[in-house]
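Undergrad: Next come a sequence and a model predicted from it.
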Amino acid sequence: MINGTLYRREMKKSINMLLFFMAVLTMYMVIIIGFYDPKMMKMLDGFYAMMPGLMAAVGMKAGSTTLLGFMVSYLYGAVLIIFPMIYSILRANDLIAKYVDSGSMAVLLAAPVKRRTIVITQLSALLSGVCLLMLYTTVLELIVIGYKYPQELLVADLLRLNLGLLFLHFLIAGICFLSSCIFSQSNYSLAFGAGIPTLMYIFQMLANAGKKAKMFKYFTFFTLFDPDSIVAKEAGAFIGPIILFIGAIALYLLGGIIYCKKDMSL
């Protein structure tokens, strides 16, 4: 179902972008995790009190008493969402729409390879990159926490949290992939592939900012990923991520069907 040659070529193209985003995530995670100090929580809570709306908009909350709670407030509301999302937006566009727009898709279609194989291979390359980013994030967190705060290392809780984050990014990748399959022009693919997740994230920021804007949480899929509930092990906390995963599969299937039936003027 996957063309090995094409897959390896696309993964080679992903290397530089993956290394860039890994470097950015490393910088943020090492610095932010390094800031954790139970004695400094009151000072950080003071910053929150000065700008509660702005801090809440990006998922930051006061009153964190554990390292994992601190990470949820300062990493999982923005950093670990935005940067992998940008990767999915850029890479999904490159894998389908950019090929069509530049005319390079004609080369792929001229080869004795079925359209279904091509689209599955391109999707596999996209998801491999997303999985590598999430795997790298998890391993780096385990290393940094194990080195600096071994007493705070809760492996099972961290893995559960990052699995939910992975399902969220699967859905985002699905939106970007579907846009890339629908549009033959790269600029339209980017506009919708980037526009929809960005709009949903803005809705989430508005919902977090204050009670008057709480209604926006019903218009964004980011609501389905609630890291606080996952860390607290609340009943039903993983229902949201499971819905995200199911939605992602539906988007992949829809994108694949559209690509296979698409009339491409190459």
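TA: Sure, I can see it. Residues are numbered from 1 along each chain as shown.

Undergrad: Could you check what's spatially nearest to Ala173, not counting adjacent residues?
TA: Once flanking residues are discounted, Ala173 sits nearest to Ser88: 4.3 Å by C-beta to C-beta, 6 or more residues apart in numbering. Glycine gets a C-beta too; all of them are placed from N, C-alpha and C.

Undergrad: How many residues are close by the one you found?
TA: 26 (other C-beta atoms under 10 Å).

Undergrad: if I look at it, how far off is Thr138?
TA: The spacing between Ser88 and Thr138, counted by C-beta to C-beta, to the nearest Å, is 18 Å.

Undergrad: repeat for Leu161
TA: In this view, Leu161 and Thr138 are 9 Å apart by C-beta to C-beta.

Undergrad: The two - which one has more neighbours?
TA: A direct count of neighbours by other C-beta under 10 Å for Leu161 and Thr138 places Leu161 higher, at 25 against 18.

Undergrad: For the more buried one, which non-adjacent residue is spatially closest?
TA: Spatial nearest neighbour of Leu161, chain neighbours left out: Ile230 (5.2 Å); criterion: C-beta to C-beta, 6+ apart.

Undergrad: which stretches of the chain form helices?
TA: Secondary structure of the chain (DSSP state H): helices at 4-34, 41-50, 52-57, 67-74, 79-95, 97-102, 105-110, 115-148, 155-182, 186-209, 227-231, 239-261.

Undergrad: from the middle of its chain, how far away would the last one be?
TA: For helix 239-261, the distance between its averaged C-alpha position and the chain's averaged C-alpha position is 15 Å (C-alpha atoms, centre = their mean, to the nearest Å).

Undergrad: could I get it in CSV with only the CA atoms?
TA: What follows is helix 239-261 as a C-alpha-only set of coordinates in CSV (Å, rounded to 0.1, in the frame of the first residue of the first chain):
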residue,chain,number,x,y,z
ILE,A,239,-13.4,10.7,25.4
GLY,A,240,-12.4,14.0,23.7
PRO,A,241,-9.0,12.7,22.3
ILE,A,242,-10.7,9.6,21.1
ILE,A,243,-13.2,11.7,19.2
LEU,A,244,-10.3,13.7,17.7
PHE,A,245,-8.7,10.4,16.6
ILE,A,246,-11.9,9.2,15.0
GLY,A,247,-12.3,12.6,13.3
ALA,A,248,-8.8,12.4,12.0
ILE,A,249,-9.3,9.0,10.4
ALA,A,250,-12.5,10.3,8.7
LEU,A,251,-10.5,13.3,7.3
TYR,A,252,-7.8,11.0,6.0
LEU,A,253,-10.3,8.8,4.2
LEU,A,254,-12.2,11.7,2.8
GLY,A,255,-8.9,13.3,1.5
GLY,A,256,-7.8,10.0,0.0
ILE,A,257,-11.2,9.5,-1.8
ILE,A,258,-11.1,13.1,-3.2
TYR,A,259,-7.6,12.7,-4.4
CYS,A,260,-8.2,9.3,-6.1
LYS,A,261,-11.3,10.7,-7.9
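
Undergrad: Go ahead and name everything in contact with it.
TA: 96, 115-116, 118-120, 123, 163-164, 167-168, 170-171, 173-175, 177-178, 180-182, 221, 223-226, 230 (C-beta atoms under 8 Å, 6 or more residues apart in numbering).

Undergrad: Next up, the contacts around the residue lying closest to Asn3 once chain neighbours are set aside.
TA: Closest residue to Asn3 apart from its sequence neighbours, by C-beta to C-beta, 6+ apart: Thr121 at 4.8 Å. Counting by C-beta under 8 Å, 6+ apart, Thr121 makes contact with 2-3, 6-7, 10.

Undergrad: picking up where we left off before, buried subset of the contacts of helix 239-261?
TA: 96, 115, 118-120, 123, 163-164, 167-168, 170-171, 173-175, 177-178, 180-182, 221, 223-226, 230 (16 or more other C-beta atoms under 10 Å).

Undergrad: in the stretch 1-150 of the chain, which ranges drop under the pLDDT threshold?
TA: 39-64 (pLDDT under 70).
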